[in-house]
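A.B. asks: Okay, here's the prediction I keep looking at, along with the sequence it came from:
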Amino acid sequence: MSFETQPIKREIIIDGFNNIYYFEFGKDFSHPPERHDFWELVYVDSGKVNAITNGNARTLSQGELIFHRPSELHAHASNRKDPNCMLVVSFSTSSEAMEFFHKKVFTADKTVKTLLSLFISEATPTFCTAFYSLLTEGILFVGIIVTRTKIYRKRTFLVF
């Protein structure tokens, strides 16, 4: 019996992680606008957060996520009514396919929320010691990026 190798189309390649944070903020939280040379994923785990991108604000509710691309001016602020929790993952990639995520807000389904919960529980202590596993990387990016990219393209895979 012969087996044929099926090629994998590598559209999103993550070069590395810059930071992984899980924040619990009060209702008066805000930070000044910032920009940096890497992508940033912001996931609202509870409450509501105002995401300000290049001067345009939009409210993110529990279960929603947004991506900020490199050099994009952005800030986040609580809604002054409710405390909130959010996950911020900063990562480097030069993959053009990431443009699909620009200027979009996504709502995490039950599967993605479960994967994010696993990611949060593993990533925080792991990343803080500067060692993070392929499992951690895979949980986040296979669960979010690949799940979302399959909406517009079949057979899109993520490579670390």
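C.D. replies: Alright, I've got the coordinates. Please read all numbers here as calculations on a predicted model, not as lab measurements.

A.B. asks: Spatially central residue in the chain, please.
C.D. replies: Leu41 (2.9 Å; Cα atoms, centre = their mean).

A.B. asks: Check whether that one really touches Phe67, as I assumed.
C.D. replies: Yes - between Leu41 and Phe67 there is a contact under Cβ atoms under 8 Å: 5.5 Å. C-beta: built from backbone N, CA, C; applies to glycine.

A.B. asks: For the residue nearest to Asn84 when sequence neighbours are not counted, the count of nearby residues, please.
C.D. replies: Residue nearest to Asn84 in three dimensions, not counting chain neighbours: Gly47, with 2.8 Å by Cβ to Cβ, 6 or more residues apart in numbering. Number of residues near Gly47 (other Cβ atoms under 10 Å) recorded here: 21.

A.B. asks: Return the residues in contact with the residue lying closest to Glu99 once chain neighbours are set aside.
C.D. replies: Nearest residue to Glu99, sequence neighbours excluded (Cβ to Cβ, 6+ apart): Arg69, at 7.7 Å. Contacts for Arg69 (Cβ atoms under 8 Å, 6 or more residues apart in numbering) come out as Trp39, Met98, Glu99, Phe101, His102.

A.B. asks: same thing with Asp82?
C.D. replies: Lys27, Gly47, Lys48.

A.B. asks: Quick check: the first one vs Ser78, distance?
C.D. replies: According to Cβ to Cβ, to the nearest Å, Lys27 and Ser78 sit 5 Å apart.

A.B. asks: Could I get the full set of helices for the protein?
C.D. replies: For the chain, the helices defined by DSSP state H occupy 110-128, 134-141, 147-149.

A.B. asks: got any ranges where the protein has weak pLDDT?
C.D. replies: 123-160 (pLDDT under 70).

A.B. asks: how about a cut-off of 80?
C.D. replies: Scanning the chain for pLDDT under 80 picks out the ranges 1, 8-10, 119-160.

A.B. asks: surely Val49 meets Thr59?
C.D. replies: Yes - at 7.4 Å, Val49 counts as touching Thr59 under the criterion of Cβ under 8 Å.
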